[in-house]
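Q: Let me see the structure of the following:
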Amino acid sequence: MSPALRVFIEVDLPGLLAITFAGVACAIPGSLLVLRRESMTGDAVSHAVLPGLVGAFLLSGSRDWGLMLAGAACAGVACVVASEALRRLTRMEAGLASGVVFSVMFALGVLLLRSAEHVDLDPDCVLYGQVESIAWSPARDAGAFWTWRTWLGDGSFETMPRQVAVLAGAACAIALAVGVFFKEIVLASFDAGLATTLGLRPRAVSRGLVVLVALAAVVAFEAVGSVLVIALMVCPGATARLLTDRAGRHVMLSAGLGAGMGLLGYACGAWLPGALGFDRAVVVSGAASCVGGAMFVCALVLAPRHGLLAEGWRRAEVRRLVLREDVLGALYRAAELGRAAGLDAVALRRVIGSGPATGRALRRLAAAGLVRQAAGGWMLTPAGEAEAKGIVRAHRLWELYLVRELGLRPDHVHDPASELEHLRAGGKRVEPKVAGTRDPHDRAIPGATEEAPG
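A: Next up, the predicted model:
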């Protein structure tokens, strides 16, 4: 085994595995909280475990892992129960109730930690964890290293650090529990009424999810600290929400993003400063939290459906479609008024109220064969006239509907009808069900009859 590989296995591998398993363990229940719009619950539980840790130490006088885990779990569950009780008693918003409870419990934990000098807990570890300090001394011989004794231990060598083993077990248990009860969790989260009708107990499902959140927060708290636990509960789920609309994919993608957040965070915190020439590393939990924020920002901007660029493109497409239809409608009305020579671009801008984009719209319409330029201006082609009829028809039907059904005055319906005429559903133009052949201004409605359209 080469010296470089030996150093990596002893110094870096345990921390990498710990933060990766922590990312998976926290991201899976955190993704479900994001879907349920209860992300504050993960924040609350991750803060509330501190008084449980300190209280367990004060009561037992020992840092036994089992006792500390039990104390932290009790504190996490107590935080959620207190939040629910406060919300029911005061009708307080759920996020506000959680914020009140976890603030008080975290302050209590800090007070106990500061007041009891013999408590062997480092406040910095509470916030930042101790990923960098997790080390391992396995078998030095390469042949002996790749045996089950190295990983499971038989007394000959030091086994994998406890934090790694606990986080791996917790990640597997949480993934298994969510996989087995996924349908029940989704049904109780999105349609509690149907879940109750089918014999499920939505409140029990919610409590079970809270137990998973508490388990993830407790086992990850020691290794990565409260700052990273909160980030792992929220950032992967929020990022995945921008990338997919399917619940199953959302959970799996969140787990992958949580693992990636841990791996990249460790690389940026432990290795990147040295590669850039700095003589000090940075706090891994802080670096991983920043990576989570960067992942979310990238998804916010670049997501193919919900990203800002995609949303901006869709809005631009809608504006282009509206302008195209406004131009066709204006040319149709001009022909109705006897302007056989059409309208020039200046007149169109004045009628539509648009700027230079009108010229671009005319060029696109000409390329599509819907308009043509004549000596007196722009005119509709037969294909353009057929499409323009549908636009004007929808506009005048909406005007008639607004006057008849909503009681608006005829001189107040043009602007709302100008917006409603562009409505589409399933690729087809939406028209109101109203009978009549003329609009409120006594203009003919193209293709309309006295019978209401079916």
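Q: ranges for the strands of the chain?
A: Counting by DSSP state E, the chain has strands at residues 371-374, 377-380, 424-425, 428-429.
Q: which stretch among those comes nearest V282?
A: strand 424-425 (51.8 Å; C-beta to C-beta). All C-beta atoms are positioned from the backbone trio N, CA, C, and that covers glycine.
Q: mind listing what that closest one pairs with, with the direction of each?
A: Strand 424-425 pairs in its sheet with strand 428-429 (antiparallel), by DSSP bridges.
Q: which residues are in contact with the partner strand?
A: G390, I391, A394, E421, L423 (C-beta atoms under 8 Å, 6 or more residues apart in numbering).
Q: need the contact list for the fourth one.
A: With contacts defined as C-beta under 8 Å, 6+ apart, E421 is in contact with E325, G329, I391, A394, H395, W398, R429.
Q: ditto for M40
A: Per C-beta under 8 Å, 6+ apart, neighbours of M40: A94, G95, S98, G99.
Q: Now the second one. Nearest residue, chain neighbours left out?
A: Ranked by C-beta to C-beta, 6 or more residues apart in numbering and with sequence neighbours excluded, the top spatial neighbour of G95 is M40, at 4.4 Å.
Q: Compute the distance between that neighbour and L33, please.
A: Here M40 is placed at a distance of 8 Å from L33 (C-beta to C-beta, to the nearest Å).
Q: okay but F21 is in contact with V164, surely?
A: Yes: judged on C-beta atoms under 8 Å, F21 makes contact with V164 at a distance of 6.9 Å.
Q: So the two - more neighbours on which side?
A: Neighbour count, other C-beta atoms under 10 Å: between F21 and V164, F21 has more, with 27 against 23.
Q: Next, count neighbours for the nearest residue to the more buried one once chain neighbours are set aside.
A: When the adjacent residues along the chain are set aside, F21 lies closest to L167, with 3.7 Å between them (C-beta to C-beta, 6+ apart). By other C-beta under 10 Å, the residues close to L167 number 27.
Q: how much space between A303 and C268?
A: For A303, the distance to C268 - C-beta to C-beta - is 23 Å.
Q: likewise G447?
A: According to C-beta to C-beta, G447 stands 64 Å off from C268.
Q: And those two? Which one has more around it.
A: Neighbour totals were compared for G447 and C268, and C268 leads with 19 against 12 (other C-beta under 10 Å).
Q: Please report the distance of that one from L337.
A: Separation of C268 from L337 (C-beta to C-beta) stands at 67 Å.
Q: Check L86 too.
A: From L86 to L337 the distance is 68 Å (C-beta to C-beta).
Q: Which one's more surrounded, the two?
A: Under the neighbour definition other C-beta under 10 Å, L86 and L337 were set side by side, and L86 has more, 17 against 7.
Q: Around the nearest residue to that one once chain neighbours are set aside, how many other residues sit close by?
A: Leaving aside its chain neighbours, L86 sits nearest to A97 (4.4 Å; criterion: C-beta to C-beta, 6+ apart). A count of neighbours around A97, defined by other C-beta under 10 Å, yields 22.
Q: what's A97 in contact with, if anything?
A: S83, E84, L86, R87, T90.
Q: if we go to 6 Å?
A: Listed by C-beta atoms under 6 Å, 6 or more residues apart in numbering, the contact partners of A97 are S83, L86, R87.
Q: give me the low-pLDDT residue ranges for the stretch 301-450 of the chain?
A: Counting by pLDDT under 70, the stretch 301-450 of the chain contains low-confidence ranges at 340-341, 354, 448-450.
Q: residue ranges for the helices of it, please.
A: Using DSSP state H, counting those that start in this stretch, the helices of the stretch 301-450 of the chain run over 308-336, 345-352, 357-367, 382-406, 414-420.
Q: buried residues in the second one?
A: Put plainly, it is helix 345-352. A345, L348, R349, V351, I352 (16 or more other C-beta atoms under 10 Å).
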